[in-house]
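Trainee: Return a 3D structure for these sequence lines:
(2 chains)
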Amino acid sequence: MDPITFSIIRHRLFRVIDEAVITLKHVSGSAITNEGHDLMVSLYRADGSLLMGGVGFLHHLTSAAEACKAVIRRFEGDIGEGDVFLTNCPYTAALHTSDIYLVAPIHHDGRLVAWSACFVHVYDIGAMVPGGFSPDSRDIFTEGFSSPGIKLVEGDTMRRDVMDTLLNMVRAPEMVALDLSSMIAANNVARERMVALIEKYGAEPVDEACAALVDQSETLFRKRLQELPDGRWEARQYFDIEGETCRVLLAMTKEGDELTFDFTGSSPQSHYGINCTYWASWGGFFAPLFPLLCYDITWNDGVLRPISMIAPEGSVVNCTRPAPVSLATVGAIQSVNNAACTCIAKMLSASEAYAKEATAVWHGSHFAIFMFGLNQRRQEAIGILTETFGGAGGARTWADGIDVGGEIPNPIGRMANVETTEATFPVRYLFRRARPDTGGPGRWRGGNGIEFALVQHDSPEGGINYVVSGKGTEFSMSEGLGGGYAGAPCAYRWVHNNRAREDGRNVNPFPTSLDEMTGEAETISWGVFPLKGDDALYVRSDGGGGFGDPLEREPARVQADVQAGAVSAEVAARVYGVVTTAGGVDEDATRARREALRQARLATPVAAE
Amino acid sequence: MSERNGARYVVATDVGGTCTDAVLFAAGEPVRLGKALSTPPDFADGVLAAVAAAAEGMGIATDALLAETGLFVHGSTVVDNTLLTRTGASTGLITTEGFEDTLTITRGAYGRWAGLTEDGIKHPVATDRAPALVPGTRTRGVPERVDYKGAVLRPLDEDAVRAAICALVEDAGVDALAVSFLWSFYNDAHERRVGDLIREIAPSVYVTLSSEIAPVPGEYERASTTVINAYAGRIARDYVTTLQGLLKARGYDGPLLVMQGYGGLLPAEEAAGRAVGMLECGPAAGVIGSRHLGQLMEDDDIIACDMGGTTFKVGVIQGGAIEYAREPMVDRYHYVAPKIEVVSIGAGGGSIVALDPVTGVPGVGPASAGARPGPVCYGLGGTEPTLTDVMLLVGYMDPGTFLGGTITLDAQAARHAFEEKVARPLAMSVEEAAIGIYRIAAAQITDLIHEITVERGLDPRDFVLHAFGGSCGLLCGVFGAELGVKRIVVPHTAAVNAAFGLLAADIVHEYSVTRTLPADSPAEEINAIYAPMVERARAQLAAEGFTGDAIALDWSVDLRYGRQVHEVTTPVADGGPMDDAAVAWLAADFEALYERKFGKGSAYRAAGMEMTMFRLSARGLVERPPIERSPPGDGDPAPALIGRRDIFVEAAGALAPADIYDFERLAPGNVVTGPAVIHTPITTIVLQAGQAGRMDAYRNIVIELG
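Mentor: Below you'll find the model as predicted:
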């Protein structure tokens, strides 16, 4: 293929997606889409295979390919120009019911030449709990509307019966309608621009360029795999819900130019909706794989070809219908992300050339707080607290992780301003900051996570409700790398100021830390809770994983962290073995302290496997 | 404000990163242009050198010229430069206790990825934030709290404020302080009190309050803006007062007006206190110049392109109105200030042409050879082939006449480097590969313009394209045609775009009040919000010498649908004050604008509409002499025909013979038919086959496409 035309077509395909994403954000106008960038638009070839993945929630790049393929199978002979199909069934392709895929064929001269697909996390899907995250659901039937495939638009005409049926099953149907409109508009733009591209360069050259683009990714990715050492790397993730502990085991094997992800040994599916389906696990490890291994390779089907997955049926990473999955995106999928990040990073760090690409886990728990209730203007308010997109960077082999620095699977998320949230929900923040000592200690420190606390403020009903979806409180999910420690686990506290006031105690209305709060702090991690009266909700997210032995961290860096308030002097001494003073590092004391810590390690018996 | 009696000249100077441009202008005289190298950090030297260069063409000394000058208009990159080189003040931040990290954690990953290219975003392990201008160690939280309604929940703890000021000034040694509290744009009492205390305790410290510099919602962006202003404030103030003093010493005693990023001018005294206002004012001036040219030519819808050595910039003018940026950044720091939206990509004459080391796919930029060493053909030591070298290889540039013949281009060296680094690895001939690279550059520009028009819900086919800058004329015939614009205009002043724009700008004061009201609120309530702003604006303009018809007050309101994030600034059709009918019209106009921008079906009426910000733009109209028009002659360009050579003709897909014209010898009314090249002393204009370029009465080259 002529390299010039190839370069132009490739650039234009990127722009097709960009323009579709802009359109989607414009029409949607919702905070989760516009602030959190919780969306995705990608292009697929005529057979449904990934042609060009956009920058969005990366789990979806491969799952939407599966959605295209499912539609192709289900609607064979009934796929027309101007049709748009909807699927949100997790057992077909979607991650959970709240993430709706709209999939649209692109025709040229009457021939199906490509697909566009997009997703947003819709405002509501009619599950038990408003917003969709339903800790109390015990099966898929209580997780809201779910379709394995339905034609929403036929020949550019909306099927009113289908739309009305769907909207009849959700809360705030106007908002959901807007979400769907935004996706239809995005697909329309993608189609118009693809057709314009084909009209300018011709169907055949464009098809040839698309095939070459996929082949190029495969060739480059296989070459990269060849350059990396062969081996088998393992990672373990635990997550805890209401006393139940689930385990995700991953063994990643690299041989030549192929990679296998094997989840054998992972826990059986859970009673809770943290399970994920087969295609969600498949997308779950691609989310870190694309940016960690293919940062300079186009994200498409070529990257998928050298890869296989083993995920035991009936397990937490490949649950059997009708197991509940509404919290999959912050549950098992997140564990698959993390385990894959760890395995890939171990492989990268085994190569001199690629060690700089390795990273400890970022934002392992992906804690999420969902709010619902009436806001100060007496409007129904449903939505996620965007601190979930705040994240925390994992340490790299050459640099610290980034404090409140985001995550890998969603490269351009961001959190809302406090002022935005206080204007949207009837709440007041007591504080919001990077939490010292949460980043996993290491030669390179993991990024610190975030902590914040809320009280209700001006709520017409005296309060609002929130959903906490646990995990990562008992065991950190932000694993370290190369001897680096894990990030600190998450913490959720229901601070009972109401009770304190009933007991006649003074309640401090302006505490600036958990310690300054007056009421009893009850540990919570799973379920729906009220935020009423003077009670407060305290949340601490997990920090990023560290890299390397903290005893090898340059003392000057520890000192700088202590000065900046990122690490406490106590942790500096206890974990890093660095004795800090106002004037600088006490070098003699540090040497002695580190030696003592090493001796103590040698004296610790090694646990039997 | 008009020019003083007997003072004939208006002087505009624009300090850019590399060059400082000057434009001199008087009734009945041709426009004079001057260029000099910029001279950081003492930019004023370059300003005077550029003025001298322009005055030289008139045979007049700088002092004599300044003595006859009635108005001196100025734009500068001094603040951008302070940020880029990190040479601002040691700055501290005082903020609400409990929220000390707002600035450093940048709304999470936002500060890590904002400003990166797509390639950068896809490689998160290699990304980091830019180091904060104020580190956590120079940030102090103090007890105070205001809520979302502006109600004080917790009074300001003045003892804590005093302690914080002392700690920052005495222990941390800061000499500038930013103050940014939560919700201060609704209630600025606490910030103002802190400002008073700083002036009392540490009078020499430079102070910026967020409620003064950026009274808008969003504590991260507001704090960032406040910090930027404090960081660069003293440098900006000293710069403006130094320039003012220097001009006075050289015999100029008129007003000095300073360009703002929103495309209006401010008197030096006011500009000196608003460093953030000067950010990106050069590109803003370019858009203002484009709008002015559009007014002369009766075009309301314009895509204004400017292609220089390192970047390609685009601004959009729709219905004569200019769009403001929603999330402006300088370097990688966010700020909020009204700023004309100008989008850029790293594609300019100096952009390096290279094959991707991994994929072998050819690409243009964003790496640039800049002015030094510059393109290979300049012979200044450049070894990497650039887009300018490609332009030479496809026959668009004449080695002998570049920059009026001041540099002889080395075509052999360019060919050699391009063959070795691009053509041979691609297994193509030099001509084939050069044509290919040209097509890639044109396609990237087409894609960019397409995307930013989609962003605004516009169709490029409804627009006129203005091609400014040294390199735009080489490409506009191709990308303009693919976009399907109505016509292309290559302005006479293409090479001094920003300075020309300064000549067209008015004094503009921007005011705003943030308040959330239902869209059907009574008119009196809205008028009451505007009353103090209007009073302030009139007093300000009166003090600057504007009265009566020389004052224009534009009201506009930001509206949004309930539960939606997109806000649309909607002009109040008949200005203020409003009556209830005008309020209803405003809502209807908002709905129409919203659907136009965000697409059909995007309106969400169920949750109602609300007004969120009330803006007043107060303009003092600056009088200027009109630009000279030359009477058009006949259509025959033959006297300007200077040769014939092979150039790349897109329709032929290959090099083909074309006529070469000298711009200086063309007369208004002449029509040049493509394929052809017109050389001006600074730029080159290429007409593709089938395109006809007519010189108009202002000596612009106009290419009709529609």
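Trainee: C-alpha from now on. contacts and neighbour counts both.
Mentor: OK.
Trainee: How about the contacts made by B:V422?
Mentor: By Cα atoms under 8 Å, 6 or more residues apart in numbering or on different chains, the contact set of B:V422 is B:353-355, B:362, B:433.
Trainee: pretty sure it belongs to a helix, no?
Mentor: Yes: counting by DSSP: H, G, I helix; E, B strand; the rest coil, B:V422 falls inside a helix.
Trainee: doesn't A:A355 make contact with A:S349?
Mentor: Yes: contact criterion Cα atoms under 8 Å: A:S349 and A:A355 qualify, at 4.0 Å.
Trainee: Neighbour count: these two, which is higher?
Mentor: Ranked by neighbour count (other Cα atoms under 10 Å in any protein chain shown), A:S349 and A:A355 place A:S349 first, with 22 against 17.
Trainee: next one: phi and psi at the more buried one?
Mentor: Torsion angles at A:S349 (phi, psi; degrees, to the nearest 10) stand at phi -70, psi -10.
Trainee: mind listing what it touches?
Mentor: Applying Cα under 8 Å, 6+ apart, the residues contacting A:S349 are A:355-358, A:397.
Trainee: who wins for neighbours among the contacts of B:V422?
Mentor: B:V353 (27 neighbours).
Trainee: what's the closest non-adjacent residue to it?
Mentor: Leaving out its chain neighbours, the residue that sits closest to B:V353 by Cα to Cα, 6 or more residues apart in numbering or on different chains is B:V364, at 4.7 Å.
Trainee: How about B:D80?
Mentor: That would be B:L279: by Cα to Cα, 6+ apart, it lies 5.7 Å from B:D80.
Trainee: How about the contacts made by that neighbour?
Mentor: B:77, B:79-80, B:260-261, B:330.
Trainee: Now do the end-to-end distance for stretch A:478-490.
Mentor: 10 Å (Cα to Cα, to the nearest Å).
Trainee: quick check, distance from it to the centre of its chain.
Mentor: Distance of stretch A:478-490 from its chain centroid, counting by Cα atoms, centre = their mean, to the nearest Å, is 18 Å.
Trainee: how about that stretch: buried residues?
Mentor: Within stretch A:478-490, the residues that qualify as buried are A:478-482, A:484-490, counting by 16 or more other Cα atoms under 10 Å in any protein chain shown.
Trainee: Helices of the stretch 201-350 of chain A, start to end?
Mentor: A:203-227, A:278-293, A:301-304, A:332-349 (DSSP state H, counting those that start in this stretch).
Trainee: Chain B next: which of the contacts of A:S349 are close?
Mentor: With Cα under 8 Å from any Cα of the partner chain as the criterion, those include A:357-358 near chain B.
Trainee: ok, of the contacts of A:S349, which one's closest to chain B?
Mentor: The closest of these to chain B turns out to be A:E357 (Cα to the nearest Cα; 6.3 Å).
Trainee: Can you tell me the centre-most residue of chain A?
Mentor: Centroid check for chain A by Cα atoms, centre = their mean gives A:P409 as the closest residue, at 5.4 Å.
Trainee: Next one: that one from chain B, what distance?
Mentor: Computed as Cα to the nearest Cα, to the nearest Å, the A:P409 to chain B distance reads 10 Å.
Trainee: Contact partners for that residue?
Mentor: Neighbours of A:P409 in contact, by Cα under 8 Å, 6+ apart: A:57-59, A:287-288, A:337.
Trainee: Pick the one among the contacts of B:V422 closest to chain A.
Mentor: Once Cα to the nearest Cα is applied, the member of the contacts of B:V422 that ends up nearest chain A is B:P362, at 6.7 Å.
Trainee: burial of B:T87, as a residue count?
Mentor: 14.
Trainee: mind checking the SS state of it?
Mentor: coil.
Trainee: List the residues that contact residue 339.
Mentor: As the question left the chain open, I've gone with chain A. A:234-237, A:248-250.
Trainee: other chain: chain B
Mentor: Applying Cα under 8 Å, 6+ apart, the residues near B:K339 are B:260-263, B:280, B:284, B:324-325, B:328.
Trainee: For A:G480, see how far away A:G439 is.
Mentor: Taking Cα to Cα, one finds A:G439 at 10 Å from A:G480.
Trainee: Please enumerate the shared neighbours of those two.
Mentor: Common neighbours of A:G439 and A:G480 (Cα under 8 Å, 6+ apart) are A:486-487, A:544-546.
Trainee: related to what we said a few turns ago, in three-state terms, how would the residue nearest to the centre of chain A be classified?
Mentor: coil.
Trainee: In space, what's closest to it - neighbours in sequence excluded?
Mentor: Closest to A:P409 by Cα to Cα, 6+ apart is A:A287, at 4.9 Å.
Trainee: What about the buried residues of stretch A:478-490, which are in strands?
Mentor: Among the buried residues of stretch A:478-490, no residue falls in strands (DSSP state E).
Trainee: Now for those: which two are most distant?
Mentor: Greatest spatial distance among those (Cα to Cα): A:G482 and A:C490, at 22.4 Å.
Trainee: Domain map for chain B?
Mentor: B:9-82+B:237-278, B:86-233, B:507-620, B:638-704 (automatic domain parsing).
Trainee: Need those in JSON lines (columns: mean pLDDT).
Mentor: Below are the domains of chain B laid out as JSON lines (pLDDT from 0 to 100):
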{"stretch": "domain B:9-82+B:237-278", "mean pLDDT": "89"}
{"stretch": "domain B:86-233", "mean pLDDT": "96"}
{"stretch": "domain B:507-620", "mean pLDDT": "90"}
{"stretch": "domain B:638-704", "mean pLDDT": "93"}
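Trainee: JSON lines please, covering the ones you listed and showing distance to B:A304.
Mentor: Output for these, formatted as JSON lines (distance: least, Cα to Cα, whole Å):
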{"stretch": "domain B:9-82+B:237-278", "distance to B:A304": "14"}
{"stretch": "domain B:86-233", "distance to B:A304": "22"}
{"stretch": "domain B:507-620", "distance to B:A304": "19"}
{"stretch": "domain B:638-704", "distance to B:A304": "14"}
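Trainee: Tell me which of these sits nearest to B:V336.
Mentor: Among those, the nearest to B:V336 by Cα to Cα is domain B:86-233 (6.1 Å).
Trainee: Which helix or strand lies directly C-terminal to the helix or strand bottoming out on mean pLDDT in chain A?
Mentor: Here the helix or strand of chain A ranked lowest by mean pLDDT, DSSP states H and E is helix A:31-34, holding a mean of 77. Heading C-terminal from helix A:31-34, the first helix or strand you meet, by DSSP states H and E, is strand A:39-45.
Trainee: relative to helix A:203-227, how tilted is that next one?
Mentor: 110 degrees (axes from the mean of the first three to the mean of the last three Cα atoms, to 10 degrees).
Trainee: Give me the residues contacting strand A:39-45.
Mentor: Under Cα under 8 Å, 6+ apart, the answer for strand A:39-45 is A:17, A:20-21, A:33, A:50-58, A:60-61, A:65, A:68, A:113-121, A:186, A:210.
Trainee: Also stretch B:158-174?
Mentor: For stretch B:158-174, contacts defined as Cα under 8 Å, 6+ apart pick out B:89-92, B:94, B:138, B:140-143, B:175, B:194, B:197-198, B:201-202, B:205.
Trainee: can you tell me the distance between the two ends of it?
Mentor: First-to-last distance for stretch B:158-174 - Cα to Cα - comes to 20 Å.
Trainee: what's next to stretch B:434-445, contact-wise?
Mentor: So stretch B:434-445 is contacted by A:4, A:7-8, A:11-12, B:312, B:347, B:353, B:362-364, B:387, B:390-391, B:393-394, B:423, B:475, B:478-479, B:648, B:654 (Cα under 8 Å, 6+ apart).
Trainee: What segments of the stretch 151-300 of chain B are helices?
Mentor: Using DSSP H, counting those that start in this stretch, helices in the stretch 151-300 of chain B cover B:158-166, B:189-201, B:210-213, B:219-249, B:268-271, B:281-297.
Trainee: hey, what's B:I345 bridged with?
Mentor: Per DSSP bridges, the residues bridged to B:I345 are B:F312.
Trainee: do the same with A:V103
Mentor: A:V103 has the following beta-bridge partners by DSSP bridges: A:F85, A:A117.
Trainee: How about the one 5 residues further on?
Mentor: Listed beta-bridge partners, A:H108: A:R111 (assigned using DSSP bridges).
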